[in-house]
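**Q** using only what follows, build the 3D model:
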Amino acid sequence: MTDGLLIENLQVHIGDRKIIDGLNLRVPKGEVHAIMGPNGTGKSSLSKALMGNPEYRISGGRAELDGRSIVGLTTDEIARMGLFLAFQYPVEIPGVSIANFIRACLNARLPEDEEIVAPKFYKELYAKMDALKMDRSFTSRSVNEGFSGGEKKRCDILQMLMLKPSFAILDEVDSGLDIDALRIVSDGVNMVRSEMGILLITHYNRLLEHIKPDVVHVMMDGRIVKSGPASLALELEEKGYDHILQ
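**A** The predicted structure follows:
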C-alpha cells in the first residue's frame, strides 16, 4: 500500500468540458509538494475533484489516498478517509462556533460508543490557537463570519491541526495574507509537515520561502508538464511559465 496521494492519468470534466487531462502525481506521506501554474490551468479544479465536489466529475484514471480509491466517493466519505482541503476562499458558517464545528468534525470520526472529553479537547484547542496567535475568544465566534483574510486562513489551519488528516490540500493558503499572517500560517503548516502529505497550490514563491517544498510541479492545460526541486519555483518567478515550454 502506498501512503499518501497517488494520481495516475486523471481525467476530470465539468459537464462536457475536460479540465484535467491525463494528470499524474504522487505525494508520499511526510512530503510537501507544490503545484504552480497560470490561472485557469486546473489547479483549484484538481483540489475540488479530489474532494468529491459533484460538479467536477472524475471521468478516468486513478486517484488514491493511502492505497484506497477516492473516485466516486462523497465529500464526507473522502474527509473521513483523511483528506483535508483548505479553500482559497473559506466559507462562512453563521451560527456555528469554531469550537463546536471542530468538535462536531472530530465526533463524526469516532465510534458511536465514544465521545470527546471536553477538558482534553479544549486544552489541545487552546494550545493550537496559541501557536497560531489566535485569541481564545474566537472559539465562540461563528466560523469565518466577519473574519479578516488572515483570520480565515488561520482558522483553516487550526482545523487541520485539530483534525490531523493523513493528507492536506492547501489551495492558495497565502492568498490575502500580509507578511506576519503568512509567517504564522506557514509555521502552523510546518508544525505537522512530517506527519502527513501536503499539496500546496500557489502562484508565488513567497509562500515556498516559508514552507520549503520537497518537489515543485508545474501544471499547464490540465496536466503536470514539469517537476523539480524547490529552486524551480524561483526559476518560474524569474522567467515565467512560457519559459517552461521552450
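
**Q** report the buried residues of the helix or strand harbouring Ser44.
**A** Assignment of secondary structure by DSSP states H and E places Ser44 within helix 43-50. Using 16 or more other C-beta atoms under 10 Å as the burial criterion, the residues of helix 43-50 that qualify are 43-50. The way it works is simple: take the backbone N, C-alpha and C, and place the C-beta from them, glycine included.

**Q** hmm, who's touching that helix?
**A** By C-beta atoms under 8 Å, 6 or more residues apart in numbering, the residues outside helix 43-50 that reach it are 5, 7, 10, 12, 14, 19-20, 23, 35, 37, 55-58, 63, 70, 78, 83, 85, 88, 169, 171-172, 199, 201, 219.

**Q** of those residues, grab the buried ones for ChimeraX.
**A** To isolate the buried ones among the contacts of helix 43-50 in ChimeraX, judged by 16+ other C-beta under 10 Å, type:
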select :5,7,10,12,19,20,23,35,37,56,57,58,63,70,78,83,85,88,169,171,172,199,201,219
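
**Q** inside strands: which ones of the contacts of helix 43-50?
**A** 5, 7, 10, 12, 14, 19-20, 23, 35, 57-58, 63, 83, 85, 169, 171, 199, 201, 219 (DSSP state E).

**Q** quick one: contacts of stretch 30-41?
**A** With C-beta under 8 Å, 6+ apart as the criterion, stretch 30-41 contacts 4, 25, 27, 43, 46, 193-203, 207-208, 211-222, 224, 233, 236, 241.

**Q** which of the residues you listed count as buried?
**A** 4, 25, 27, 43, 46, 193, 196-203, 207-208, 211, 213, 215-220, 222, 224, 233, 236, 241.

**Q** I'd say Asn107 and Ile116 touch.
**A** Yes: assessed by C-beta atoms under 8 Å, Asn107 is found in contact with Ile116 at 5.9 Å.

**Q** relative to Gly60, how far out is the residue lying closest to Leu25 once chain neighbours are set aside?
**A** For Leu25, ignoring the flanking residues on the chain, the nearest one in space by C-beta to C-beta, 6 or more residues apart in numbering is Ile7 at 4.3 Å. Ile7 is 11 Å from Gly60, where distance means C-beta to C-beta, to the nearest Å.

**Q** just Tyr241 next, same as before
**A** Counting by C-beta to C-beta - Tyr241 and Gly60 are separated by 26 Å.
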